[in-house]
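# Attaching a predicted model along with its sequence, questions to come.
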Protein chains: 2
Amino acid sequence: MSEVNPTAASLLGFLHDGPQTGWDLVARAEAMIGPFWSLTRSQVYRELARMAETGLVSAGTPGRREALPYEITEAGRRAFSDWAARGPGEATVRLPLLLFVSLGRHMPREQLAAMLAEQRRQQAELLAGYLRVRAELTEAAADPYLLATLDFGIATARGTVRWIDRLPEEIRGAPEGGRSGPRAPVGIRS
Amino acid sequence: MSEVNPTAASLLGFLHDGPQTGWDLVARAEAMIGPFWSLTRSQVYRELARMAETGLVSAGTPGRREALPYEITEAGRRAFSDWAARGPGEATVRLPLLLFVSLGRHMPREQLAAMLAEQRRQQAELLAGYLRVRAELTEAAADPYLLATLDFGIATARGTVRWIDRLPEEIRGAPEGGRSGPRAPVGIRS
DNA sequence: TCGTGACCGTCCACAGTGACAGATCTTGAC
DNA sequence: GTCAAGATCTGTCACTGTGGACGGTCACGA
């Protein structure tokens, strides 16, 4: 009844794909679901050490540098599926952008407008990146679960861009480029 | 150069609307942007006490019960606008649901499908609630900034529902109700 | 009158973050 | 071939954020 925490559980999940070092795990998690499941190195090493003590993972022999690969144990697999059976817990979300908008009354208009413009840029760029990756993955007939995760990212980024575009001009500020009106649609399809 | 942290800054923002107790602040924040800016009581009281020490807020006279209202000071206003000028920081996001999906290969299909169904239910309910509130607010000609925040919630909830509906059947599981195919569209417009 | 439930604050253990430190190996400019 | 720069890899620390337990105060109705 180890009752692992979500971070530990996610590590156990990733370790199903074979032994990995803490570094690997951070990199893999970042690549797989970076935007939706934050993990810091400190956290990872801490949990790995703890799980090694309680026997959920076992450390292998160090490779190059100090690289210490961990392997999931039978107990680890059990802990993982116990955790999975408990269902997804609460989401943790903190979006400073939304805080800014909801406090918009109390800050200079141009400042808010500039931030929104910058955010729009970033999200559009992110979206473009996602779409590129998706094209590659589709071609490679990749894991449908990863594709699904990616699609969530696409939906989110596209949703954010659209949300910004549809904000009242009073908030978003006047379009800096041409005359006005909504910008060119971003991404494909609805 | 107080360099307040985001939590403290958000409290200063809310205090622009007048003196409030810690309890009020938590309640207001929850009502205004609960889903996008988490705040816990412990955090709030901790920051209020700290800010009272550094003079960013000043405690008033206790009211009913132990209620202790705090008021923002001039220094507090300055600290807030300094913070705002630094721009929105990094978002913090942890969505266990996405973690589940991306680790889908390693868990029982029915389990994942059941979770997705449950999530869909919750999000649809949330969406319905948002839409109700929006109708009321629109009628009341409310603060456009709050409306914008609400719209983000609507976009997010709707996006999530749609994302689930469009997942391959292999992941989402067979629709439990009728024959199959996508369910009835949720919410209004595109 | 009691007791239930909404207020209101405090405290604590633990989880999560980012900056920093430091070791080891690879690469490539010269 | 060597030396600097940078990538890889683990770890520590102070701080921020989370969730729950706890205790007290007040309003309201059975």
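Happy to help now that I have it. Because the structure is a prediction, the values reported are computed rather than measured. Numbers count the residues shown, from 1 in each chain, chains lettered A, B, ... in the order given.
# and residue A:62, how many residues sit next to it?
Using other CB atoms under 10 Å in any protein chain shown, residue A:62 is surrounded by 11 other residues. Where you see a C-beta, it was placed from the backbone N, CA and C, and this is true even at glycine.
# Just give the closest residue to residue A:60, not the sequence neighbours.
residue A:69 (4.4 Å; CB to CB, 6 or more residues apart in numbering or on different chains).
# can you list the residues of chain A near DNA strand C?
Within chain A, the positions lying close to DNA strand C (CB under 7 Å from any atom of the strand) are A:5, A:6, A:7, A:38, A:39, A:40, A:41, A:42, A:43, A:64, A:65, A:66.
# care to break chain A down by domain?
Structural domains assigned to chain A are A:6-86, A:96-178, following automatic domain parsing.
# Any residue of the first one touching DNA strand D?
Yes. Where contact is defined by CB under 7 Å from any atom of the strand, part of domain A:6-86 touches DNA strand D, namely A:21-24, A:41-42, A:45-46, A:48-49, A:63-69.
# Ends of that domain, what's the gap?
11 Å (CA to CA, to the nearest Å).
# Repeat that for stretch A:24-41.
End-to-end for stretch A:24-41, by CA to CA: 10 Å.
# who's in contact with that stretch?
A:7, A:10-11, A:14-15, A:20, A:22-23, A:44, A:48, A:69, A:146, A:149, A:152-153, A:156, B:92-95, B:98-99, B:102 (CB atoms under 8 Å, 6 or more residues apart in numbering or on different chains).
# Please check these and keep the buried ones.
A:7, A:10-11, A:14-15, A:20, A:22, A:44, A:48, A:69, A:146, A:149, A:152-153, A:156, B:93-95, B:98-99, B:102 (16 or more other CB atoms under 10 Å in any protein chain shown).
# got the contact list for the residue nearest to residue A:60?
Residue A:69 touches A:19, A:20, A:21, A:24, A:59, A:60, A:61, A:63, counting by CB under 8 Å, 6+ apart.
# and residue A:8, how many neighbours?
Count around residue A:8 with other CB under 10 Å applied: 25.
# show me the contacts for the residue nearest to it when sequence neighbours are not counted.
Leaving out its chain neighbours, the residue that sits closest to residue A:8 by CB to CB, 6+ apart is residue A:47, at 4.5 Å. Residue A:47 is in contact with A:5, A:7, A:8, A:11, counting by CB under 8 Å, 6+ apart.
# Return the subset of these lying in helices.
Of these, the ones assigned to helices by DSSP state H are A:7, A:8, A:11.
# roughly how far apart are the nearest residue to residue A:50 once chain neighbours are set aside and residue A:56?
Nearest residue to residue A:50, sequence neighbours excluded (CB to CB, 6+ apart): residue A:8, at 7.2 Å. Counting by CB to CB, to the nearest Å, the gap from residue A:8 to residue A:56 is 7 Å.
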